[in-house]
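Participant: Here is a sequence together with a model predicted from it:
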Amino acid sequence: AQSVTQLGSHVSVSEGALVLLRCNYSSSVPPYLFWYVQYPNQGLQLLLKYTTGATLVKGINGFEAEFKKSETSFHLTKPSAHMSDAAEYFCAVSEGSSASKIIFGSGTRLSIRP
Amino acid sequence: SQTIHQWPATLVQPVGSPLSLECTVEGTSNPNLYWYRQAAGRGLQLLFYSVGIGQISSEVPQNLSASRPQDRQFILSSKKLLLSDSGFYLCAWSVGGSGEQYFGPGTRLTVT
């Protein structure tokens, strides 16, 4: 069975500082991995995804994530936080094209201090 | 390009009243469709998903039901709402490939 663990339900960083949101997954097959962002009272928006190939994946808004199979991790980073990055972030995993469902983590709320 | 619509955007309903939330997708064929609920400050709970017309899988026993009368239409219903049905309801779609899902704008339901 697949699962996703997001470490830290709330992360606070200063504007301009590095953003690091942690995600570990469990999967019995090579996983497809995703990061989503949710702004207040809105739906989720896909930030980036890893399927196969290059393990460093670049997404929208300057975010990137690295798939590390040995660590079963898919942490999300951004070199310099902006006030507009304040939102809820969800990591998710699926078993790929044959899967009809994906498993979401519990989410991490990112706050940005001025 | 594909778009997903949900309505209404907000809804306030009394306990015991019926519910009907609608979701439609444009620009794609035979999508997988999903209903999720987010309680305040909580993560996503998958309620139902559908891989085709008339095919509904329920993830959580509850007071709600779902139907898919057309390929790109997904409806969430209840005959009698409970206070615990309050939350933010999200519809999503996916098609093959890597299975990523694309979400609608959501419906904020408050049961009073």
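Facilitator: Done, it's in.
Participant: Would you point out which residue is most central in the chain?
Facilitator: Since you didn't name a chain, this refers to chain A. residue A:35 (3.4 Å; C-alpha atoms, centre = their mean).
Participant: look at chain B instead
Facilitator: Most central in chain B (C-alpha atoms, centre = their mean) works out to residue B:35, at 3.1 Å.
Participant: OK, contacts around it?
Facilitator: Residues near residue B:35 by C-beta atoms under 8 Å, 6 or more residues apart in numbering or on different chains: B:23, B:46, B:47, B:48, B:49, B:66, B:74, B:76, B:89, B:90, B:91. (Glycine included, C-beta is placed from N, CA and C.)
Participant: For the fourth one, which three-state class applies?
Facilitator: Here residue B:48 is strand, with the state taken from DSSP: H, G, I helix; E, B strand; the rest coil.
Participant: Also the last one?
Facilitator: At residue B:91 the chain is in strand, as set by three-state DSSP.
Participant: Grab the nearest non-local neighbour of it.
Facilitator: Spatially, and ignoring its direct neighbours in sequence, residue B:91 is nearest to residue B:23 (3.4 Å; C-beta to C-beta, 6 or more residues apart in numbering or on different chains).
Participant: related to what we said a few turns ago, measure the residue nearest to the centre of chain A to chain B for me?
Facilitator: Separation of residue A:35 from chain B (C-beta to the nearest C-beta, to the nearest Å): 10 Å.
Participant: Dihedrals phi and psi, the residue of chain B found nearest chain A?
Facilitator: Residue of chain B nearest chain A, by C-beta to the nearest C-beta: residue B:103 (3.6 Å). The phi/psi pair for residue B:103 (degrees, to the nearest 10) reads phi -100, psi 150.
Participant: Which residue is the nearest non-sequential neighbour of it?
Facilitator: residue A:43 (3.6 Å).
Participant: Can you report how many residues neighbour the one you found?
Facilitator: Residues within reach of residue A:43, counting by other C-beta atoms under 10 Å in any protein chain shown, total 19.
Participant: if I pick it, what's in contact with it?
Facilitator: B:90, B:92, B:103, B:104, B:105, B:106.
Participant: Let me see the backbone angles for the fourth one.
Facilitator: Spelled out, that is residue B:104. phi -80, psi 180.
Participant: just checking, it touches residue B:8?
Facilitator: No. Counting by C-beta atoms under 8 Å, residue B:104 does not reach residue B:8; the two are 11.9 Å apart.
Participant: More neighbours: those two, which one.
Facilitator: Set residue B:104 next to residue B:8 and count neighbours by other C-beta under 10 Å: residue B:104 wins out with 24 against 11.
Participant: For chain A, give me the ranges with low pLDDT.
Facilitator: Low-confidence segments of chain A (pLDDT under 70): A:96-99.
Participant: ditto for chain B
Facilitator: In chain B, residues with pLDDT under 70: B:61, B:97.
Participant: again, 80 this time
Facilitator: Flagging of chain B using pLDDT under 80 yields the residue ranges B:40-42, B:61, B:96-99.
Participant: what residues does it put near chain A?
Facilitator: B:32, B:34, B:42-44, B:46, B:49, B:51, B:88, B:90, B:92, B:94, B:96-106, B:108 (C-beta under 8 Å from any C-beta of the partner chain).
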